[in-house]
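Visitor: One predicted model, sequence on top.
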Amino acid sequence: MAFVKPFGPGPSKRRPFAAAPPWYQLLAATVLALAAHVLLLAGAPNLAAPKIRAGDPDAAFVTRLVAPPAPEPATTPPAPAAAFEPQAPPRPTPRPRRATPPVKPGTPPPETRGGAGDDPDASLLAPPPLASFGGGRRGPAPILPPLDASAAAAALQFARGAGDAPVRIAPGAEIRYRTVGQFGAQAIDFRTTLNWRQDGQFYEANWVLYSPLIGEHTRTSAGLLSPQGLTPVEATLRTPEVQAMRFDYAARQVHFGAPDAGPPSAGDAPLRPGAQDRLSVLLQLGALLAGDAGRYPVGSRIELPAVRPHGAGAWRFTVEAEEQISALQGRELPTLLLTHQPEDGSDARIEVWLGRTINYLPVRLRITEPNGDTVEHTMQTAYLQRTPPAAALPAPVSTNETTRRP
(Lines give C-alpha, C1' and ligand atoms only; values in the text may rest on other atoms or scores of the structure.)
Protein backbone atom coordinates (compact mmCIF):
# COMPACT_ATOMS: atom_id res chain seq x y z
CA MET A 1 0.00 0.00 0.00
CA ALA A 2 1.48 3.21 -1.07
CA PHE A 3 2.10 5.94 1.51
CA VAL A 4 0.25 9.11 0.90
CA LYS A 5 1.80 12.44 2.35
CA PRO A 6 -0.83 14.50 4.06
CA PHE A 7 -1.69 17.87 2.50
CA GLY A 8 0.04 20.76 4.19
CA PRO A 9 3.15 21.25 6.13
CA GLY A 10 4.21 18.69 8.53
CA PRO A 11 4.61 19.15 12.19
CA SER A 12 7.04 21.93 13.15
CA LYS A 13 9.10 22.59 16.26
CA ARG A 14 7.67 24.99 18.98
CA ARG A 15 9.59 28.28 19.53
CA PRO A 16 10.81 28.95 23.03
CA PHE A 17 8.48 31.08 25.37
CA ALA A 18 10.94 33.99 25.50
CA ALA A 19 10.47 34.86 21.91
CA ALA A 20 7.34 36.94 21.73
CA PRO A 21 5.38 37.36 18.61
CA PRO A 22 6.29 40.47 16.64
CA TRP A 23 3.09 42.45 17.52
CA TYR A 24 3.84 42.21 21.22
CA GLN A 25 7.17 43.78 20.59
CA LEU A 26 5.59 46.62 18.71
CA LEU A 27 3.07 47.16 21.49
CA ALA A 28 5.77 47.23 24.14
CA ALA A 29 7.89 49.69 22.15
CA THR A 30 4.91 51.95 21.65
CA VAL A 31 4.11 51.99 25.36
CA LEU A 32 7.67 52.84 26.24
CA ALA A 33 7.81 55.68 23.70
CA LEU A 34 4.58 57.17 25.02
CA ALA A 35 5.85 56.99 28.58
CA ALA A 36 9.05 58.77 27.59
CA HIS A 37 7.14 61.55 25.88
CA VAL A 38 4.85 61.98 28.87
CA LEU A 39 7.83 62.38 31.16
CA LEU A 40 9.41 64.95 28.84
CA LEU A 41 6.19 66.97 28.50
CA ALA A 42 5.58 66.85 32.26
CA GLY A 43 8.94 68.51 32.90
CA ALA A 44 10.80 65.58 34.39
CA PRO A 45 14.15 66.58 35.80
CA ASN A 46 17.18 66.01 33.71
CA LEU A 47 18.49 62.88 35.34
CA ALA A 48 21.65 63.06 33.38
CA ALA A 49 22.54 66.57 34.53
CA PRO A 50 25.07 66.60 37.30
CA LYS A 51 23.88 67.84 40.66
CA ILE A 52 25.53 70.96 42.02
CA ARG A 53 25.86 71.34 45.75
CA ALA A 54 26.90 74.34 47.77
CA GLY A 55 30.65 74.38 48.25
CA ASP A 56 31.40 72.26 45.22
CA PRO A 57 34.56 73.70 43.66
CA ASP A 58 33.53 72.64 40.25
CA ALA A 59 30.22 74.46 40.51
CA ALA A 60 29.71 77.39 38.18
CA PHE A 61 26.89 79.87 37.52
CA VAL A 62 25.60 80.24 34.04
CA THR A 63 24.58 83.85 33.24
CA ARG A 64 23.32 85.70 30.21
CA LEU A 65 23.28 89.35 29.25
CA VAL A 66 19.83 90.87 28.87
CA ALA A 67 20.00 94.08 26.88
CA PRO A 68 18.00 96.95 28.46
CA PRO A 69 15.22 98.43 26.34
CA ALA A 70 16.12 101.46 24.27
CA PRO A 71 15.37 104.72 26.14
CA GLU A 72 12.24 106.54 24.98
CA PRO A 73 12.62 110.14 23.79
CA ALA A 74 12.31 112.65 26.61
CA THR A 75 8.92 114.29 26.81
CA THR A 76 7.69 117.20 28.93
CA PRO A 77 5.85 115.75 31.89
CA PRO A 78 2.23 116.86 32.06
CA ALA A 79 1.49 119.71 34.41
CA PRO A 80 0.03 118.50 37.67
CA ALA A 81 -3.69 118.99 37.89
CA ALA A 82 -4.69 122.05 39.85
CA ALA A 83 -6.13 121.29 43.19
CA PHE A 84 -9.90 121.57 43.13
CA GLU A 85 -11.18 124.36 45.25
CA PRO A 86 -14.91 124.63 45.80
CA GLN A 87 -16.26 127.98 44.76
CA ALA A 88 -19.24 129.76 46.20
CA PRO A 89 -22.19 130.17 43.84
CA PRO A 90 -22.17 133.54 42.05
CA ARG A 91 -24.13 136.27 43.75
CA PRO A 92 -26.89 137.96 41.80
CA THR A 93 -25.67 141.12 40.12
CA PRO A 94 -27.18 144.15 41.89
CA ARG A 95 -29.13 146.62 39.82
CA PRO A 96 -26.63 149.30 38.80
CA ARG A 97 -27.41 152.84 39.76
CA ARG A 98 -27.62 155.27 36.96
CA ALA A 99 -24.77 157.68 36.47
CA THR A 100 -25.54 161.27 37.27
CA PRO A 101 -23.15 163.54 35.38
CA PRO A 102 -23.86 167.27 35.38
CA VAL A 103 -25.88 168.50 32.46
CA LYS A 104 -23.71 170.01 29.74
CA PRO A 105 -24.73 171.47 26.40
CA GLY A 106 -24.76 168.82 23.68
CA THR A 107 -24.92 165.82 26.03
CA PRO A 108 -27.55 163.10 25.51
CA PRO A 109 -30.65 163.35 27.70
CA PRO A 110 -30.00 161.99 31.19
CA GLU A 111 -32.92 160.04 32.56
CA THR A 112 -31.66 160.50 36.11
CA ARG A 113 -29.23 162.67 37.97
CA GLY A 114 -28.33 162.84 41.64
CA GLY A 115 -26.94 160.55 44.23
CA ALA A 116 -27.57 159.44 47.76
CA GLY A 117 -31.34 159.44 47.62
CA ASP A 118 -31.76 157.35 44.49
CA ASP A 119 -35.18 155.72 44.43
CA PRO A 120 -34.82 151.91 44.57
CA ASP A 121 -38.22 151.32 42.96
CA ALA A 122 -38.33 150.67 39.25
CA SER A 123 -40.07 153.28 37.14
CA LEU A 124 -43.52 152.41 35.85
CA LEU A 125 -43.17 154.69 32.83
CA ALA A 126 -43.88 152.44 29.85
CA PRO A 127 -42.71 152.76 26.24
CA PRO A 128 -45.35 154.40 24.06
CA PRO A 129 -47.55 152.23 21.84
CA LEU A 130 -46.11 151.74 18.36
CA ALA A 131 -49.29 152.86 16.67
CA SER A 132 -52.78 153.95 17.50
CA PHE A 133 -56.10 153.32 15.82
CA GLY A 134 -56.19 155.08 12.48
CA GLY A 135 -52.44 155.52 11.99
CA GLY A 136 -48.95 155.56 13.48
CA ARG A 137 -47.27 157.97 15.83
CA ARG A 138 -45.09 160.79 14.59
CA GLY A 139 -41.42 160.69 15.41
CA PRO A 140 -40.19 163.04 18.15
CA ALA A 141 -38.93 166.47 17.14
CA PRO A 142 -35.99 168.21 18.79
CA ILE A 143 -36.61 171.07 21.20
CA LEU A 144 -36.21 174.55 19.76
CA PRO A 145 -33.58 176.34 21.89
CA PRO A 146 -35.30 179.19 23.75
CA LEU A 147 -32.20 181.43 23.81
CA ASP A 148 -28.79 181.88 22.22
CA ALA A 149 -25.41 180.63 23.41
CA SER A 150 -24.46 183.80 25.29
CA ALA A 151 -27.77 183.99 27.14
CA ALA A 152 -27.62 180.27 27.94
CA ALA A 153 -24.18 180.70 29.53
CA ALA A 154 -25.49 183.61 31.63
CA ALA A 155 -28.50 181.54 32.74
CA LEU A 156 -26.37 178.56 33.80
CA GLN A 157 -24.00 180.83 35.69
CA PHE A 158 -26.90 182.54 37.47
CA ALA A 159 -28.52 179.19 38.37
CA ARG A 160 -25.53 178.25 40.53
CA GLY A 161 -26.88 180.55 43.21
CA ALA A 162 -29.80 178.16 43.77
CA GLY A 163 -27.65 175.84 45.91
CA ASP A 164 -26.16 172.40 45.55
CA ALA A 165 -29.03 170.09 46.48
CA PRO A 166 -28.81 166.91 44.35
CA VAL A 167 -31.45 166.52 41.65
CA ARG A 168 -32.61 163.78 39.29
CA ILE A 169 -34.35 165.04 36.17
CA ALA A 170 -37.28 162.83 35.21
CA PRO A 171 -37.18 161.34 31.71
CA GLY A 172 -39.55 162.78 29.15
CA ALA A 173 -43.11 161.55 29.51
CA GLU A 174 -46.57 161.93 28.03
CA ILE A 175 -49.09 161.67 30.85
CA ARG A 176 -52.86 161.75 30.49
CA TYR A 177 -55.13 162.64 33.38
CA ARG A 178 -58.77 162.45 34.21
CA THR A 179 -59.66 166.02 35.18
CA VAL A 180 -62.67 166.82 37.33
CA GLY A 181 -63.65 170.02 39.11
CA GLN A 182 -65.83 173.06 39.28
CA PHE A 183 -65.45 176.22 37.20
CA GLY A 184 -68.00 178.71 38.42
CA ALA A 185 -71.33 176.95 38.13
CA GLN A 186 -69.98 174.45 35.59
CA ALA A 187 -68.90 170.96 36.66
CA ILE A 188 -66.17 169.46 34.46
CA ASP A 189 -65.01 165.90 33.80
CA PHE A 190 -62.71 165.36 30.81
CA ARG A 191 -59.15 164.43 29.83
CA THR A 192 -56.04 166.60 29.99
CA THR A 193 -52.41 165.91 28.96
CA LEU A 194 -49.01 166.81 30.39
CA ASN A 195 -46.30 166.73 27.71
CA TRP A 196 -42.90 166.76 29.41
CA ARG A 197 -39.84 166.70 27.14
CA GLN A 198 -36.14 167.05 27.88
CA ASP A 199 -32.97 166.30 25.92
CA GLY A 200 -30.36 166.78 28.65
CA GLN A 201 -29.84 170.43 27.72
CA PHE A 202 -33.30 171.97 27.26
CA TYR A 203 -36.79 171.15 28.43
CA GLU A 204 -40.36 171.85 27.36
CA ALA A 205 -43.52 171.27 29.38
CA ASN A 206 -47.13 172.03 28.58
CA TRP A 207 -50.26 171.00 30.42
CA VAL A 208 -53.11 171.25 27.95
CA LEU A 209 -56.52 171.91 29.48
CA TYR A 210 -59.30 172.60 27.04
CA SER A 211 -63.03 172.00 27.11
CA PRO A 212 -65.83 173.52 25.03
CA LEU A 213 -67.59 174.24 28.33
CA ILE A 214 -64.85 176.39 29.86
CA GLY A 215 -62.49 177.09 26.94
CA GLU A 216 -58.72 176.84 27.21
CA HIS A 217 -56.64 177.01 30.36
CA THR A 218 -53.19 175.75 29.26
CA ARG A 219 -49.83 176.35 30.93
CA THR A 220 -46.43 176.06 29.22
CA SER A 221 -42.83 176.34 30.40
CA ALA A 222 -39.51 176.07 28.55
CA GLY A 223 -35.92 176.53 29.57
CA LEU A 224 -32.56 174.96 30.37
CA LEU A 225 -31.43 172.03 32.48
CA SER A 226 -28.64 172.80 34.91
CA PRO A 227 -26.95 170.98 37.82
CA GLN A 228 -29.52 172.77 40.01
CA GLY A 229 -32.48 171.39 38.02
CA LEU A 230 -34.92 173.32 35.86
CA THR A 231 -33.95 176.86 34.83
CA PRO A 232 -37.02 178.40 33.17
CA VAL A 233 -36.61 180.87 30.33
CA GLU A 234 -40.24 181.55 29.40
CA ALA A 235 -43.66 180.56 30.68
CA THR A 236 -47.21 181.29 29.53
CA LEU A 237 -50.78 180.88 30.72
CA ARG A 238 -53.20 180.61 27.82
CA THR A 239 -56.75 181.58 28.68
CA PRO A 240 -58.93 183.77 26.47
CA GLU A 241 -55.86 186.02 26.70
CA VAL A 242 -52.18 185.08 26.89
CA GLN A 243 -50.15 185.95 29.96
CA ALA A 244 -46.41 185.54 29.46
CA MET A 245 -43.33 185.65 31.68
CA ARG A 246 -39.78 185.97 30.40
CA PHE A 247 -36.75 185.13 32.59
CA ASP A 248 -33.90 187.46 31.65
CA TYR A 249 -30.82 186.05 33.38
CA ALA A 250 -28.40 188.53 31.87
CA ALA A 251 -30.42 191.46 33.26
CA ARG A 252 -31.60 189.45 36.30
CA GLN A 253 -35.16 190.54 35.66
CA VAL A 254 -38.52 188.86 35.00
CA HIS A 255 -40.51 190.49 32.21
CA PHE A 256 -44.31 190.20 32.35
CA GLY A 257 -46.81 190.67 29.56
CA ALA A 258 -47.60 189.29 26.13
CA PRO A 259 -44.75 187.62 24.20
CA ASP A 260 -44.49 190.65 21.89
CA ALA A 261 -44.89 193.27 24.61
CA GLY A 262 -41.66 195.01 23.62
CA PRO A 263 -38.79 196.18 25.83
CA PRO A 264 -38.82 195.67 29.61
CA SER A 265 -41.22 197.87 31.54
CA ALA A 266 -41.22 199.36 35.01
CA GLY A 267 -43.48 196.54 36.17
CA ASP A 268 -40.74 193.91 35.79
CA ALA A 269 -39.56 192.13 38.93
CA PRO A 270 -36.11 191.10 40.13
CA LEU A 271 -35.12 187.57 39.23
CA ARG A 272 -33.82 185.29 41.98
CA PRO A 273 -31.73 182.12 41.50
CA GLY A 274 -33.88 179.01 41.35
CA ALA A 275 -37.10 180.88 40.43
CA GLN A 276 -39.90 178.68 39.02
CA ASP A 277 -43.26 179.23 37.35
CA ARG A 278 -46.38 177.31 38.41
CA LEU A 279 -45.78 174.42 35.98
CA SER A 280 -41.99 174.12 36.29
CA VAL A 281 -42.17 174.11 40.08
CA LEU A 282 -44.05 170.80 40.04
CA LEU A 283 -41.27 169.20 37.99
CA GLN A 284 -38.53 170.85 40.07
CA LEU A 285 -40.05 169.46 43.28
CA GLY A 286 -39.97 165.99 41.76
CA ALA A 287 -36.33 166.44 40.71
CA LEU A 288 -35.35 167.43 44.25
CA LEU A 289 -37.15 164.48 45.85
CA ALA A 290 -35.76 162.06 43.29
CA GLY A 291 -32.27 163.45 43.93
CA ASP A 292 -32.42 162.74 47.66
CA ALA A 293 -35.80 162.09 49.23
CA GLY A 294 -34.13 161.65 52.63
CA ARG A 295 -33.44 165.39 52.73
CA TYR A 296 -37.18 166.09 52.82
CA PRO A 297 -38.90 164.01 55.53
CA VAL A 298 -42.54 164.43 56.41
CA GLY A 299 -43.00 167.84 58.01
CA SER A 300 -40.14 169.52 56.15
CA ARG A 301 -40.61 172.52 53.86
CA ILE A 302 -39.21 173.24 50.41
CA GLU A 303 -39.10 176.93 49.50
CA LEU A 304 -38.40 178.21 45.99
CA PRO A 305 -38.73 181.65 44.39
CA ALA A 306 -42.01 181.96 42.47
CA VAL A 307 -42.83 183.78 39.26
CA ARG A 308 -46.55 184.21 38.59
CA PRO A 309 -48.39 186.28 35.98
CA HIS A 310 -49.25 188.90 38.57
CA GLY A 311 -45.70 189.15 40.00
CA ALA A 312 -42.96 187.42 41.97
CA GLY A 313 -43.31 185.63 45.27
CA ALA A 314 -42.39 182.32 46.87
CA TRP A 315 -43.44 178.69 46.64
CA ARG A 316 -43.55 177.12 50.11
CA PHE A 317 -44.36 173.43 49.87
CA THR A 318 -44.71 171.33 53.01
CA VAL A 319 -44.17 167.56 52.83
CA GLU A 320 -47.44 166.42 54.39
CA ALA A 321 -47.52 162.61 54.23
CA GLU A 322 -46.87 159.41 52.32
CA GLU A 323 -50.05 158.17 50.68
CA GLN A 324 -51.19 155.38 48.39
CA ILE A 325 -53.09 156.83 45.43
CA SER A 326 -55.31 154.88 43.05
CA ALA A 327 -54.13 155.89 39.57
CA LEU A 328 -53.05 154.39 36.24
CA GLN A 329 -56.53 152.91 35.83
CA GLY A 330 -56.91 151.49 39.32
CA ARG A 331 -53.31 150.80 40.28
CA GLU A 332 -52.14 151.69 43.80
CA LEU A 333 -49.10 153.97 43.64
CA PRO A 334 -46.91 155.19 46.53
CA THR A 335 -46.76 158.99 46.59
CA LEU A 336 -45.63 161.95 48.68
CA LEU A 337 -48.19 164.68 49.30
CA LEU A 338 -46.86 168.25 49.23
CA THR A 339 -49.04 171.30 49.88
CA HIS A 340 -48.56 174.99 49.11
CA GLN A 341 -50.75 177.41 51.06
CA PRO A 342 -51.67 180.74 49.39
CA GLU A 343 -49.37 183.56 50.44
CA ASP A 344 -51.83 186.28 49.44
CA GLY A 345 -55.31 186.83 48.02
CA SER A 346 -54.13 186.30 44.44
CA ASP A 347 -52.33 183.00 45.06
CA ALA A 348 -53.75 179.49 44.70
CA ARG A 349 -53.68 176.52 47.04
CA ILE A 350 -51.75 173.65 45.40
CA GLU A 351 -51.76 170.02 46.50
CA VAL A 352 -49.56 167.63 44.53
CA TRP A 353 -48.98 163.89 44.98
CA LEU A 354 -45.60 162.97 43.47
CA GLY A 355 -45.24 159.31 42.49
CA ARG A 356 -42.16 157.47 43.73
CA THR A 357 -42.50 154.84 40.99
CA ILE A 358 -43.28 157.44 38.30
CA ASN A 359 -39.96 159.31 38.67
CA TYR A 360 -41.68 161.70 41.09
CA LEU A 361 -43.91 163.12 38.37
CA PRO A 362 -47.39 164.33 39.45
CA VAL A 363 -49.75 161.41 40.01
CA ARG A 364 -52.48 163.70 41.31
CA LEU A 365 -52.75 167.49 41.34
CA ARG A 366 -55.45 169.57 42.99
CA ILE A 367 -55.64 173.35 42.45
CA THR A 368 -57.96 175.66 44.37
CA GLU A 369 -58.04 179.14 42.82
CA PRO A 370 -58.66 182.32 44.85
CA ASN A 371 -62.17 182.60 43.34
CA GLY A 372 -63.09 179.10 44.54
CA ASP A 373 -62.69 177.23 41.26
CA THR A 374 -61.21 173.77 41.80
CA VAL A 375 -59.68 171.26 39.46
CA GLU A 376 -58.21 167.84 40.23
CA HIS A 377 -56.08 165.79 37.83
CA THR A 378 -55.51 162.03 38.36
CA MET A 379 -53.05 160.07 36.22
CA GLN A 380 -54.57 157.55 33.81
CA THR A 381 -51.67 156.66 31.47
CA ALA A 382 -47.96 157.46 31.48
CA TYR A 383 -45.58 156.81 28.58
CA LEU A 384 -41.92 157.56 28.04
CA GLN A 385 -41.22 160.30 25.54
CA ARG A 386 -37.80 160.37 23.87
CA THR A 387 -36.48 163.65 22.50
CA PRO A 388 -33.59 163.92 20.04
CA PRO A 389 -30.81 166.37 20.91
CA ALA A 390 -31.35 169.97 19.88
CA ALA A 391 -29.27 171.66 17.23
CA ALA A 392 -26.38 173.93 18.17
CA LEU A 393 -27.34 177.05 20.02
CA PRO A 394 -27.82 180.10 17.83
CA ALA A 395 -25.19 182.80 17.88
CA PRO A 396 -25.81 185.83 20.11
CA VAL A 397 -27.96 188.57 18.61
CA SER A 398 -26.59 192.03 17.95
CA THR A 399 -26.92 194.73 20.59
CA ASN A 400 -29.64 196.59 18.68
CA GLU A 401 -31.93 193.56 18.57
CA THR A 402 -34.30 192.40 21.26
CA THR A 403 -33.57 189.13 23.03
CA ARG A 404 -37.24 188.31 23.35
CA ARG A 405 -38.57 185.27 21.57
CA PRO A 406 -41.63 185.92 19.41
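Guide: Done, it's in. Numbers count the residues shown, from 1 in each chain.
Visitor: isn't A250 right up against L156?
Guide: No. With contact defined as C-beta atoms under 8 Å, A250 does not count as touching L156 (11.7 Å). Heads up, the C-betas are built off the backbone N, CA and C, glycines and all.
Visitor: quick one: which of the two has more around it?
Guide: Legend: neighbour count by other C-beta atoms under 10 Å for A250 and L156, higher for L156 (19 against 15).
Visitor: For P342, see how far away that one is.
Guide: The gap separating L156 from P342 is 32 Å, by C-beta to C-beta, to the nearest Å.
Visitor: ok, L230 - contacts?
Guide: I169, Y203, S221, G223, L224, Q276, S280, L283, Q284, A287 (C-beta atoms under 8 Å, 6 or more residues apart in numbering).
Visitor: Please flag which of these sit within strands.
Guide: Counting by DSSP state E, the contacts of L230 place Y203, S221, G223, L224 in strands.
Visitor: circling back to that earlier point, for the contacts of L230, which one is nearest A149?
Guide: Proximity of these to A149 (C-beta to C-beta) peaks at L224, which lies at 11.6 Å.
Visitor: If you tally nearby residues, what's the number for the closest residue to that closest one other than its chain neighbours?
Guide: Leaving aside its chain neighbours, L224 sits nearest to T231 (4.4 Å; criterion: C-beta to C-beta, 6 or more residues apart in numbering). By other C-beta under 10 Å, 27 other residues sit near T231.
Visitor: Could I get the full set of helices for the stretch 151-300 of the chain?
Guide: Under the criterion DSSP state H, counting those that start in this stretch, helices of the stretch 151-300 of the chain are mapped to 278-291.
Visitor: Can you pull out the low-pLDDT segments for this protein?
Guide: 1-24, 36-121, 131-138, 258-267, 394-406 (pLDDT under 70).
Visitor: So in it, which strand runs the longest?
Guide: Max-length strand for the chain by DSSP E is strand 311-327.
Visitor: Show me what that one packs onto, helices and strands only.
Guide: Other elements packing on strand 311-327 under the criterion 3 or more C-beta pairs under 8 Å, 6 or more residues apart in numbering; DSSP states H and E are strand 269-270, strand 301-308, strand 331-340, strand 349-355, strand 362-368, strand 374-384.
Visitor: in that strand, what counts as buried?
Guide: For strand 311-327, burial by neighbour count (16 or more other C-beta atoms under 10 Å) applies to A312, G313, W315, F317, T318, V319, I325, A327.
Visitor: want to try JSON lines for these, with distance to A293 as columns?
Guide: Compiled in JSON lines, the buried residues of strand 311-327 are given as follows (distance: C-beta to C-beta, whole Å):
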{"residue": "A312", "distance to A293": "28"}
{"residue": "G313", "distance to A293": "26"}
{"residue": "W315", "distance to A293": "18"}
{"residue": "F317", "distance to A293": "14"}
{"residue": "T318", "distance to A293": "15"}
{"residue": "V319", "distance to A293": "9"}
{"residue": "I325", "distance to A293": "17"}
{"residue": "A327", "distance to A293": "19"}
